[in-house]
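A.B. asks: could you look at this predicted model? Sequence included:
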Amino acid sequence: MANALLWPVRIFYSIVVSIILVVPAVVGYVLNIHVTNVTEYWALGMYGATVLSYLALQMCFATCNRLLTLHMRRKDLKSKVNTLGEPTRLGMAVVGYREDPMIFSKCLQSVKKIQYPSPIQIVVVIDGNDIPDREMANVFRKEYLDAPVVTLPNLPSVTTLAVDNQFFFDICQKAEPISCILQPHRGKRHAMYTAFRFLMSNGCQAVITTDSDTVFDSQAVTELERAMHWYPNIGAVAGDVRIWNTSNVLSFMSSLRYWMAFNVERAAQSFNRCVTCVSGPMGLYKSQILEEVLDSWISQRFLGSECTYGDDRHLTNQVLLKGYKVVYTHLAYCETETPTHYIRWFKQQTRWSKSFYRELLWNVLSIHKHSPWMAAELFYQGLYPFILLYSMYFILVRSSTEALATWVVSLFVIALIKTSYSFLVTLNPKFFTFPLYSVFYISGLIPAKIWAIISIWDIGWGTTARTSSELKHENELWTKIKEALPLLLWWSLVLAGILWNILSHFAQPNPNTDPYSLQFQYTS
């Protein structure tokens, strides 16, 4: 009863704090309020000052979470010297769809090397039971010679037939330490559902999730389980996801961006116990909480259609919606694959942006249950692309060439702030190349966010091709043109804006615009 009475107060508090953090930035930007004038064309406005304050606070929270993680680890190791507590019974769900055999084999080999005080119940669920899907099953058999491989005729997530439910129940009861299940193709979410039900029916107290293209560190599971006990009301734990295929500029830049996303953004959220997305390659969920949320998670619909992407973000949202906390530990890490081709990367970013904007509808239902930092971050991430669009329009169309050049420099300056923090934490000089990520942000990530909003109704656009027929279709000229159309349109508009800016400069060298119109920008 007391908690129910406090909810309106919490809602009001979260909204007020979010407004205090966000409104000055937006109002200051629209009204062009300056804090200080740096040069003739470079001013630090209220928007820029707010963003810089936000960045400083984010890095402060991230640092505190890193120190807290190390402190909790030392505390846990010290306590286990004197006590012999029973380790948490863990299950591990590996899901995949027509994965590259070599990559899948590496995934299974890393699972074999996982170190944990007690045996882990492992289930591999293959999202498909046709002939091409059996290649993954063959890879599984090579790695685990005596482990059973079972084919389900129907999906446990949708079947209502008693005979099918009994068949799945019998499989669960006869489970070996590691098993492989093939089921009809319906998407990752349904494969995860089968894995969750399988492991929970075998008494697993918590479930670790991963993908078939992920390689685990041997100590990752121990660190995830340790973080689960930081606070009594933790519902899920996120780990650090790194990139192993950094063979070209795009994938290398993506690897740096991944580090920022996990070790700055999620770490800051973790200090406030409100991580908004437990990434698919590595996460841990308590079984008792999965029991509460699985049915609503698997039945999610948006604009009348079944949701086929954003499984991990929505599952995290379901945990947050119940009032449980979600944290992140940098000590648990894995490596996964990222696109090396620009169009596939653009499709991936579009798909992720779609899930972010869709999930905002669920985020707002739980912000009053968590730290105001969660609301502030969601506001910033949701509003920022529109602010940047307005900024680009103003700079390209209405400002001078000098202002355009200074605006580009400001992007690199802000990126350099995160670069400096990353270097101080890791002492790795590769992060000094991160300002170049601004090029990918402007050329690919902004149009991905715009296209995500425009095409948010399309539940299929942006999925990754796996089969030879899908890849063949993806490589067709018309398909390539259609997928690249949003990019081509964006690049055309930006190029036209740059040409207009330059031509206007020569036609009118001293335009009657406010020389202090430029304000610091921020690229995430």
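C.D. replies: Sure thing, it's come through.
A.B. asks: which parts of the stretch 1-150 of the chain are helices?
C.D. replies: Ranges of helices in the stretch 1-150 of the chain, per DSSP state H, counting those that start in this stretch, are 2-31, 46-82, 101-112, 134-143.
A.B. asks: what's the average pLDDT for the second one?
C.D. replies: Taken as a whole, helix 46-82 has a mean pLDDT of 85.
A.B. asks: again with the third one
C.D. replies: When pLDDT is averaged over helix 101-112, the result is 97.
A.B. asks: other SSEs contacting it?
C.D. replies: strand 90-96, helix 134-143, strand 215-216 (3 or more Cβ pairs under 8 Å, 6 or more residues apart in numbering; DSSP states H and E). C-beta coordinates here come from the backbone N, C-alpha and C atoms, glycine included.
A.B. asks: out of the ones you listed, nearest to residue 321?
C.D. replies: strand 90-96 (21.4 Å; Cβ to Cβ).
A.B. asks: pairing partners for the closest one, with directions?
C.D. replies: strand 121-127 (parallel), strand 206-211 (parallel) (DSSP bridges).
A.B. asks: what's that strand in contact with?
C.D. replies: 104, 107-108, 111, 114, 116, 118, 120-127, 136, 188, 191-192, 195-196, 198-200, 202, 204-213, 221, 225, 287 (Cβ atoms under 8 Å, 6 or more residues apart in numbering).
A.B. asks: please apply the same query to stretch 110-120.
C.D. replies: So stretch 110-120 is contacted by 87, 89-92, 94, 122, 143, 177, 208, 214-222, 225, 334 (Cβ under 8 Å, 6+ apart).
A.B. asks: repeat that for stretch 300-313.
C.D. replies: By Cβ under 8 Å, 6+ apart, stretch 300-313 touches 187-189, 192, 209, 276-280, 283, 314, 351-352, 354-356, 358-359, 456-457, 459-460, 462-463.
A.B. asks: mind listing what's buried along that stretch?
C.D. replies: By neighbour count with 16 or more other Cβ atoms under 10 Å, stretch 300-313 contains the buried residues 300, 302, 307-313.
A.B. asks: nearest to residue 181, of these?
C.D. replies: Nearest to residue 181 among those, with distances taken as Cβ to Cβ, is residue 311, at 17.5 Å.
A.B. asks: against residue 286, how distant is that closest one?
C.D. replies: To residue 286, residue 311 is 18 Å away according to Cβ to Cβ, to the nearest Å.
A.B. asks: same check on residue 120?
C.D. replies: In terms of Cβ to Cβ, residue 120 sits 15 Å off from residue 286.
A.B. asks: quick check: pLDDT value at the nearest residue to residue 329 once chain neighbours are set aside.
C.D. replies: Among residues not flanking residue 329 along the chain, residue 227 sits closest, at 4.2 Å (Cβ to Cβ, 6 or more residues apart in numbering). In this model, residue 227 is scored at 96, pLDDT.
A.B. asks: wait, residue 227 touches residue 68, no?
C.D. replies: No - if you go by Cβ atoms under 8 Å, residue 227 and residue 68 don't touch, sitting 10.0 Å apart.
A.B. asks: those two: which has the busier surroundings?
C.D. replies: The neighbour comparison of residue 227 against residue 68 (other Cβ atoms under 10 Å) goes to residue 227, with 27 against 17.
A.B. asks: residues in contact with that one?
C.D. replies: 69, 72, 234, 237, 284, 327-329, 332.
A.B. asks: show me what the host helix or strand of residue 482 is packed up against.
C.D. replies: According to DSSP states H and E, residue 482 maps onto helix 477-507. Judged by 3+ Cβ pairs under 8 Å, 6+ apart, the packing partners of helix 477-507 are helix 342-363, helix 372-393, helix 401-426, helix 446-454, helix 468-474.
A.B. asks: any idea which of the ones you listed scores lowest on pLDDT?
C.D. replies: Among these, helix 468-474 carries the lowest mean pLDDT (a mean of 53).
A.B. asks: isn't residue 317 right up against residue 367?
C.D. replies: No - with contact defined as Cβ under 8 Å, residue 317 does not reach residue 367; the gap is 11.0 Å.
A.B. asks: the two: which is more packed in?
C.D. replies: Between residue 317 and residue 367, counted using other Cβ under 10 Å, the more crowded position is residue 317 (25 against 21).
A.B. asks: remind me which helix or strand the more buried one belongs to.
C.D. replies: helix 311-321.
A.B. asks: how far off centre is that helix?
C.D. replies: Its chain's C-alpha centre and that of helix 311-321 lie 12 Å apart, by Cα atoms, centre = their mean, to the nearest Å.
A.B. asks: what's the following helix or strand after it?
C.D. replies: Assigned by DSSP H and E, the successor of helix 311-321 is strand 325-336.
A.B. asks: what about the residue lying closest to residue 135 once chain neighbours are set aside, distance to residue 134?
C.D. replies: Using Cβ to Cβ, 6+ apart and skipping the chain neighbours, the partner closest in space to residue 135 is residue 101 (6.2 Å). Counting by Cβ to Cβ, the separation of residue 101 from residue 134 is 12 Å.
A.B. asks: okay, now the unreliable bits of the stretch 251-400 of the chain?
C.D. replies: Under the criterion pLDDT under 70, the flagged ranges of the stretch 251-400 of the chain are 398-400.
A.B. asks: again, only this time at 90
C.D. replies: Confidence mapping of the stretch 251-400 of the chain against pLDDT under 90 gives the ranges 303-309, 361, 364-369, 372, 375-400.
A.B. asks: show me the helices in the stretch 151-300 of the chain, by range?
C.D. replies: 162-173, 188-201, 220-227, 249-260, 267-271, 287-298.
A.B. asks: from the chain's centre, how far out does the shortest one sit?
C.D. replies: Yep, that's helix 267-271 we're talking about. Relative to its chain's centre, helix 267-271 lies at 14 Å (Cα atoms, centre = their mean).
A.B. asks: quick one: list the elements packing against it.
C.D. replies: helix 46-82, strand 325-336, helix 372-393.
A.B. asks: show me what counts as buried in the first one.
C.D. replies: Which is helix 46-82. Those would be 46-52, 54-55, 58-59, 61-63, 65-66, 68-69, 72-73, 76, for helix 46-82 by 16+ other Cβ under 10 Å.
A.B. asks: so it versus helix 220-227, what angle?
C.D. replies: 100 degrees (axes from the mean of the first three to the mean of the last three Cα atoms, to 10 degrees).
A.B. asks: helices and strands around helix 46-82, which ones?
C.D. replies: By 3+ Cβ pairs under 8 Å, 6+ apart, helix 46-82 packs against helix 2-31, strand 34-37, helix 220-227, helix 267-271, strand 325-336, helix 372-393, helix 401-426.
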